[in-house]
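1. what's the 3D shape of this:
(one chain, ligands or ions: 2)
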Amino acid sequence: MDLQLAIFDLDGVVVDTAKYHYLAWKRLGETIGIAFHEEDNERLKGVSRMRSLDILLEIGGQKRTDEEKARLAEAKNTWYVEYITQMDASEILPGVLDFLDELKSAGIKISLGSASKNARTILERVELTDYFDLIVDGNLVSKAKPDPEVFALSASLLDIAPQSAVVFEDAQAGIEAALRAQMVAIGVGDEHTLAQAHYVITGFASFGLQDLLRILPA
Ligand code: B16
Ligand code: MG
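-> Ligands and ions are numbered 1, 2, ... in the order given. Predicted structure coming up:
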């Protein structure tokens, strides 16, 4: 394939913000009497903020009006933003920076495809904004993964065919979105959870552009 675009999910691929989401949801749970455990947090990965809240309420067997839900999601987000504004470049996951440098040198476009509405803040804090030719985040898309919108938009805005794009994703819904967008889907994380992907890597510590080119379809 003629590789022209690499799209990165943010949480779980470039940085690990899942731990901050966890702290903020746990804190919200405590204020409304729902015990939220680390295992539960797995269900929130790659999922939108409102859907995450629904999962938390489901765990606690609680029902809330839309107005209350908006207020609760807002409270969680305020705490989450407090955590992420403390982040710095040391939180970029191993090997990511070298890989981005390699892609840039090879003239391959780099885009973000994240569900987060806080993606720009995070990229700023870890000093990665300038690497991205395009940032597609939760403020820009209306349909959550597994809908392909978040990835399809990157390709169309950059005027690149989806078949020339590769997506790096840590969530199952994200892999499905990439496949539905007709892109090459590379899972980052557990090979069983991400079995649908064309290929699964554990991270970028020992994965570079040469490795990518080797696994891409002809
Ligand atoms: P926010 P990603 C996702 O980021 C997270 O994995 C998910 O846990 C979170 O609920 C979602 O962003 C929305 O985040 O509340 O900041 O808008 O993996 O798509 O980069
Ligand atoms: Mg993710």
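2. Now the residue in the chain that ligand 2 sits nearest to. Its backbone dihedrals?
-> In the chain, the residue found nearest to ligand 2 is residue 12; the distance is 3.7 Å by C-beta to the ion. (C-beta placed from N, C-alpha, C; glycine too.) Recorded main-chain torsions at residue 12 are phi 100, psi -10, according to degrees, to the nearest 10.
3. mind checking pLDDT for it?
-> At residue 12, the model reports a pLDDT of 96.
4. list the contacts for it?
-> 18, 45-46, 170-171, 188-189 (C-beta atoms under 8 Å, 6 or more residues apart in numbering).
5. cool, and residue 119?
-> With contact set as C-beta under 8 Å, 6+ apart, residue 119 has these partners: 10, 112, 135, 137-138.
6. what's the answer for residue 108, then?
-> Counting by C-beta under 8 Å, 6+ apart, residue 108 makes contact with 3-6.
7. Span of stretch 150-170 from start to end?
-> 15 Å (C-alpha to C-alpha, to the nearest Å).
8. Ok, stretch 28-41 next?
-> Stretch 28-41 has an end-to-end distance of 13 Å (criterion: C-alpha to C-alpha).
9. What is the burial count for the closest residue to residue 8 other than its chain neighbours?
-> Spatial nearest neighbour of residue 8, chain neighbours left out: residue 168 (5.1 Å); criterion: C-beta to C-beta, 6 or more residues apart in numbering. Summarising burial for residue 168: neighbours were counted as other C-beta atoms under 10 Å, giving 27.
10. circling back: and the two most separated of the contacts of residue 108?
-> In the contacts of residue 108, two members sit farther apart than any others by C-beta to C-beta. They are 4 and 6, at 8.8 Å.
11. Need the overlap of contacts for those two.
-> Common neighbours of residue 4 and residue 6, counting by C-beta under 8 Å, 6+ apart, are 108-109, 165.
12. Tell me the one among these nearest to ligand 1.
-> residue 165 (16.7 Å; C-beta to the nearest ligand atom).
13. For that closest one, list each beta-bridge partner.
-> In this structure, residue 165 bridges to residue 5 when assessed by DSSP bridges.
14. Which residues are in contact with it?
-> Under the criterion of C-beta under 8 Å, 6+ apart, the contact partners of residue 165 comprise 4-7, 151, 154-155, 181, 183-184.
15. Could I get the pLDDT score of it?
-> Value listed for residue 165 in the pLDDT field: 98.
16. now swap in residue 44 and tell me
-> According to the per-residue confidence, residue 44 scores 89 in pLDDT.
17. hang on, isn't it packed against residue 24?
-> No - if you go by C-beta atoms under 8 Å, residue 44 and residue 24 don't touch, sitting 10.5 Å apart.
18. most remote residue from this protein's center?
-> Relative to the average C-alpha location in the chain, and by C-alpha atoms, centre = their mean, no residue lies farther out than residue 33, which sits at 28.7 Å.
19. if I pick that residue, what's in contact with it?
-> Residue 33 is in contact with residue 60, counting by C-beta under 8 Å, 6+ apart.
20. Past whichever strand or helix holds residue 56, which element shows up next along the chain?
-> With secondary structure defined by DSSP states H and E, residue 56 is part of helix 49-60. Note on helix 49-60: by DSSP H and E, the next helix or strand toward the C-terminus is helix 66-84.
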